[in-house]
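Asks: got a predicted structure plus its sequence, pasted below:
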Amino acid sequence: MANVHYVRGAMIEQLEPPAASSGAAGWVRQNLFSSPLNAILSVLSLALVYSVIAALIPWLISPTWQASSLSECREILEGASGACWGVIRERWLQLLFGFYPSELYWRVVLDFLLLIVAVAPVLFTGLPRKMLIFSALYPFLMPWLLWGGTVWGPVVAALGFGLGYLAHKLAKAALGGLAAMILAVLVPVIWWLFLAGPVSEAVASVLPLALEPVESRNFGGFMLSITIGVVAIAISLPIGIVLALGRQSNLFIVRSLSVGFIEFIRGVPLITLLFVASTLLNIFMPPGTDFDIILRVIIMVTLFASAYMAEVVRGGLAALPKGQYEAADALGLDFWLAQRLIIMPQALKISIPGIVSTFIGVFKDTTLVSIIGLLDPIGLSNSIRADQSWNGIVWELYGFIALMFFIFCFSMSRYSMFLERKLRTGHR
Amino acid sequence: MNKTVFVGVLALAGMSASVAAAGLLDEVKTRGKLNCGVNAGLVGFAAPDANGEWGGFDVAVCRAIAAAVLDDPNAIEFVPTTAKTRFTALASGEIDVLARNTTWTFTRDVDLKFEFTGVNYYDGQGFIVRKDLGVSSAKELDGATICIQTGTTTELNLADFFRINNMDYDPVPIETEAEAQQQYLAGACDSYTTDASALAANRATFEDSANHIILPEIISKEPLGPLVRHGDNEWGDVVRWTLNALIAAEELGVTSANVAELASAPGSNPEINRLLGTEGTLGEMLGLQPDWAVKAISAGGNYGEIFEKNIGEATPIGLARGLNAQWTSGGLMYAPPFR
Amino acid sequence: MATLTDPRKESFRLGMLIYDTRYRSLTIQIIALFGFMVFAAWLINNTIYNLAAQGKSTGFGFLSDPAGYDINQRLLDYSSQSTHLRAAFIGLLNTLLVAAMGCITATVIGLFVGVLRLSNNWLVAKLMTVYVEMFRNVPVLLWIVFTMAILIETLPAPKDFRGDDPAASMVLFDTVAITNRGVYIPEPLFSRGLGDFPVMADRTSPACEVGEIGEIGDACGRFQVSLDLLAVLLVFGAGLYASNRIAHRAERIQNETGDRPTTWYLRLGVIILPTLALLIALGFHLGRPELKGFNFQDGVYLRNSLIALWLALSLYTAAFIAEIVRAGILAISSGQTEAAAALGLRSGRIMSLVILPQALRVIIPPLISQYLNLTKNSSLAIAVGYMDITGTLGGITMNQTGRELECVLLLMLVYLLISLSISAVMNWYNQRVKLVER
């Protein structure tokens, strides 16, 4: 009997995968045409994408960059449809800076660059911790750069904290913890209320270091949005922490007050709070107080953001394993020490993505100030359209504003997602 | 870190908070700036240009007041106000004077406690329609869709007009001028109604302005003028007589070109002398410099010059003087005597 | 020699208020309450002083004065002679209308987009991602004005429908007119209708006199209920209930015998036939919109401000809901999908029978807050001139009467009530679907 192999003795050469399942064709087949339904969806989507692009591209590419009025655009286009980019060329600085004096733009730019430097160590843990010192100084630097005026105002305001710390330290040794605590609050308050003004004036008259003051009415455009957003978020964070702790507290009155405030603010639309800012806040203040409208808006947006911030922080607190609280108790730490050393550092770290998305929300919501007549980007777009040369322009302005918002918010949301991923691995 | 922000801003807030002085005139003088509420954007009346410089008919009144009080027509903070925020801005003291095409009405004067210091423009509510709509009178607008700006007297006038004439309509309330115009031009409304001056101003900027007509009916009286708060008569007088000085200057032939020359020495017309401070102490009575009116007139010219420069027939807006001519030429502009 | 002394009798010392945990919480609470009351008193005191200084009177009496302005979209009868209170109420109804419409469409769109983002079709998944990011990262106010601008600028004006050779024509067999003033759709009419029933009517008032065609005036009563609609709804509801009973019975039979009787035609019949019969009895027909005078007349008119607001709010909120849905689906372990696939379910059924019901538990709490956001965002209606409660009470009424304090407070109160009731309803639902842990 012949030695017949019914099993192949040697491996045969591996064949190329069929063309339909590898390379570009395979990818297309797998990802776009895997089933009849998918095929239909793909074709429909392609058609949609094509029609949008086909309509937009010719409009976007329009030789109107140099036009100085809408009618000039129309002349250039000669009846063809196309964007009128002249308005962006002429007004983009205004959309970014509002009516801030153009020779002082550097202050705004510097301010926001420094903001990034100040926020960086909080957001990116890889950076040297020493940078946090700058972060602590920045809140005093920022208003000074934006609003100008004498440098001694913010310096003296910062000094209050130094005095409070000093009072606490000295009094703790001499008088005990409670008196130290009370003094640590009282001394700075007295300083700010009664002494700070004269002292800063006195120093300023000796050593007049000042920037040219800029009224907040000149703030506008994206700079206004960012200012309102940043200030509101920064101030709302400590208020939010206090509210979150209040809401978690087992003291009935403290809890009800916190819950009442949070639910009230979260239950009404921001626009009603802005109505309060524009029409009522001055009525609520002592006679003679005259906050300008931007400060009033910042106050109300801050209150608004605090309620949301409180919920974010509460989420962070709730996400902490119970063992952390118990461990802190077991070490014999009192409430505030436990919060400061154990709970808050962890809870805030978990909350950063939430804080960033709250910031995005507040930043987007700053557009509402246009309804009460402030000149944020949307408000400015109305003013620009009231100019005789640009009367009747729509898409270019809205498109530009939307693009700016998109760039800003999208990059922040990407960052927050990156952070979320990083934190998640850190916790497992 | 964040606590520091809070106090930083608090300190800042403390700095910008000021206690109102007894008289607004003194306060404005010490402040060195006039806070003037204007429209956030109305072609010809108030609008910022690319450099943020405000210009327009209402703005010119503010500039004249600033020039008279502070000797500097640019010492002004312009506060853009909407129809909704203007009265609260004035009532709360945020602005010293509101020059925002505001109609003088009984309730605003008496109930809202404001003092109208005169009229700088006599207006009335009108309708604009496309020619091809085939309408020649507002009485033919039965069933039409009509765009209105909210927060003004126009919506009340409109409701009354259609009610009286037993007609039906579909109101489309709109927040800003620019949007109203957009809707009207796209045909989303058959007609747009607001003050006739604003209609003319709008029409001027239309691409095909010849295809739009302003209907003959003027359905309301809209005397527009600057206003101040009740209760500070000295300040009210300053605003009132600055406006009157501009009007009187036109009547007396004092222009921005010849005002310096006329003010250099007393001339033959005693009223001009009193107005320009070369005779008498009118300025002192107001609490201002003797040459207050000279400065006010130099700021932007007399009433007629301001009118021609911003909204007159030579401008794209092209408003005729009409009711706003001097009483000597058949209009209603009538400044009380300066004596 | 006493080895033990009694513990010293504790006498109350002031320091104990702070150092003794028994009293400390009480102390803190009293201080907090006191501080709050002082703050509130300070605010009220300032307010009273300032209002007195401005010489303004306060009170809600103005609400019963005639409003003097017209409202374009009114679900109830309203004229410029009605009171400010009624204007506010009409505005409130408009707010609720757009909020309800928005919530429904946002949920539907969000669900679809969320599921499609996980699709294995690369193009569709990417397109959905682009949609979500585009809407989430641009302010909703901008979307609202943008949508409005698109509606106004791209759709034909009513005059384009006119003439022998019109530039635009009605769609869907000449029944629907899409114009830049809004969309006109056919309205249901009843030729043998039952009429309307006035609620809280003063029978003696002239408006309530029965006219020649057997109808009462529009202004009769606080509002009127359409008896036709009521009847149709009742019959339809009864049909649904009957159909439900049949399904239950089928289930029981299936449990007992293992065979499920075919009931779909029965169930369909129970719902449709009685309703159809009633509609015929009432003389149901559709009233087509027709171009008369300046505008289309008859038909249901969805005005452009409503559509713009509705579309923008739904699309904006749907982007957020899509993310919530996606996160909810991803939260279900893949074992569930695999188990369902092992049972032989198709992918569509896996989604609807296995994944979504479980994902709902994760989805619903954040969904509630999106509904709340949508309702609150509907206050941006004034940007497009939709007369919601912010436009009437917080807009024209506030401007015309100058009662800022009262109007803003009332406005806040109304929104607060809406928000609280939405959360209450949703929390109740959440409790019901919550996984009962054993």
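Replies: Yep, it's here.

Asks: make it CA atoms for all contacts and neighbour counts henceforth
Replies: Will do.

Asks: so where's the stretch 1-150 of chain A shaky on pLDDT?
Replies: Low-confidence regions of the stretch 1-150 of chain A, defined here as pLDDT under 70, cover residues A:1-5.

Asks: around chain B, pick out the residues from it.
Replies: Contact residues, the stretch 1-150 of chain A versus chain B (CA under 8 Å from any CA of the partner chain): A:Ser71, A:Glu90, A:Arg91, A:Gln94, A:Gly98, A:Phe99, A:Ser135, A:Ala136, A:Leu137, A:Pro139, A:Phe140, A:Pro143.

Asks: and the two most separated of those?
Replies: A:Ser71 and A:Ala136 (51.6 Å; CA to CA).

Asks: hang on, the earlier thing: I'd like the residues of the stretch 1-150 of chain A next to chain B as JSON lines, with distance to A:Ala307 and secondary structure appended.
Replies: Below are these laid out as JSON lines (distance: CA to CA, whole Å; DSSP: H, G, I helix; E, B strand; the rest coil):
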{"residue": "A:Ser71", "distance to A:Ala307": "48", "secondary structure": "helix"}
{"residue": "A:Glu90", "distance to A:Ala307": "40", "secondary structure": "helix"}
{"residue": "A:Arg91", "distance to A:Ala307": "36", "secondary structure": "helix"}
{"residue": "A:Gln94", "distance to A:Ala307": "33", "secondary structure": "helix"}
{"residue": "A:Gly98", "distance to A:Ala307": "29", "secondary structure": "coil"}
{"residue": "A:Phe99", "distance to A:Ala307": "32", "secondary structure": "coil"}
{"residue": "A:Ser135", "distance to A:Ala307": "24", "secondary structure": "helix"}
{"residue": "A:Ala136", "distance to A:Ala307": "24", "secondary structure": "helix"}
{"residue": "A:Leu137", "distance to A:Ala307": "26", "secondary structure": "helix"}
{"residue": "A:Pro139", "distance to A:Ala307": "21", "secondary structure": "helix"}
{"residue": "A:Phe140", "distance to A:Ala307": "24", "secondary structure": "helix"}
{"residue": "A:Pro143", "distance to A:Ala307": "24", "secondary structure": "helix"}
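
Asks: closest one to C:Cys407 out of these, please.
Replies: Nearest to C:Cys407 among these, with distances taken as CA to CA, is A:Gly98, at 31.6 Å.

Asks: and the closest residue to that closest one other than its chain neighbours, how many neighbours does it have?
Replies: Closest residue to A:Gly98 apart from its sequence neighbours, by CA to CA, 6 or more residues apart in numbering or on different chains: A:Gly220 at 3.6 Å. Around A:Gly220 there are 25 other residues, counting by other CA atoms under 10 Å in any protein chain shown.

Asks: now do C:Ile178
Replies: For C:Ile178, using other CA under 10 Å, the count is 21.

Asks: can you pull the pLDDT of it?
Replies: Looking at C:Ile178, its pLDDT stands at 88.

Asks: and the helices in the stretch 301-438 of chain C?
Replies: For the stretch 301-438 of chain C, the helices defined by DSSP state H, counting those that start in this stretch occupy C:304-331, C:334-342, C:347-349, C:356-377, C:389-391, C:398-401, C:404-433.

Asks: highest mean neighbour count out of the ones you listed?
Replies: helix C:389-391 (a mean of 28; mean count of other CA atoms under 10 Å in any protein chain shown).

Asks: what's across from the residue of the stretch 1-150 of chain B with the smallest separation from chain C in the sheet?
Replies: Residue nearest to chain C within the stretch 1-150 of chain B (CA to the nearest CA): B:Ala144, separated by 5.4 Å. B:Ala144 forms beta bridges with B:Tyr169, as assigned by DSSP bridges.

Asks: helix, strand, or coil at B:Glu115?
Replies: Of the three states, B:Glu115 takes strand according to DSSP: H, G, I helix; E, B strand; the rest coil.

Asks: list the contacts for it?
Replies: B:Asp109, B:Leu227, B:Val228, B:Arg229, B:His230, B:Gly236 (CA atoms under 8 Å, 6 or more residues apart in numbering or on different chains).

Asks: one more time with 10 Å, if that's ok
Replies: B:104, B:108-109, B:226-233, B:236, B:240 (CA atoms under 10 Å, 6 or more residues apart in numbering or on different chains).

Asks: next: B:Ser268.
Replies: By CA under 10 Å, 6+ apart, the neighbours of B:Ser268 are B:Leu262.

Asks: may I have the secondary structure class of it?
Replies: B:Ser268 is classified as coil under three-state DSSP.

Asks: which pLDDT value belongs to it?
Replies: B:Ser268 is given a pLDDT of 88.

Asks: which bits of the stretch 101-250 of chain B sit near chain A?
Replies: B:175-179, B:181-182, B:185, B:201-202, B:204-207 (CA under 10 Å from any CA of the partner chain).

Asks: can you give me phi and psi for the closest residue to chain B within the stretch 201-350 of chain C?
Replies: Among all residues of the stretch 201-350 of chain C, C:Phe294 sits closest to chain B, at 5.4 Å; criterion: CA to the nearest CA. C:Phe294 has phi and psi values of phi -80, psi -30 when expressed as degrees, to the nearest 10.

Asks: just give the closest residue to it, not the sequence neighbours.
Replies: Closest to C:Phe294 by CA to CA, 6+ apart is B:Ala144, at 5.4 Å.
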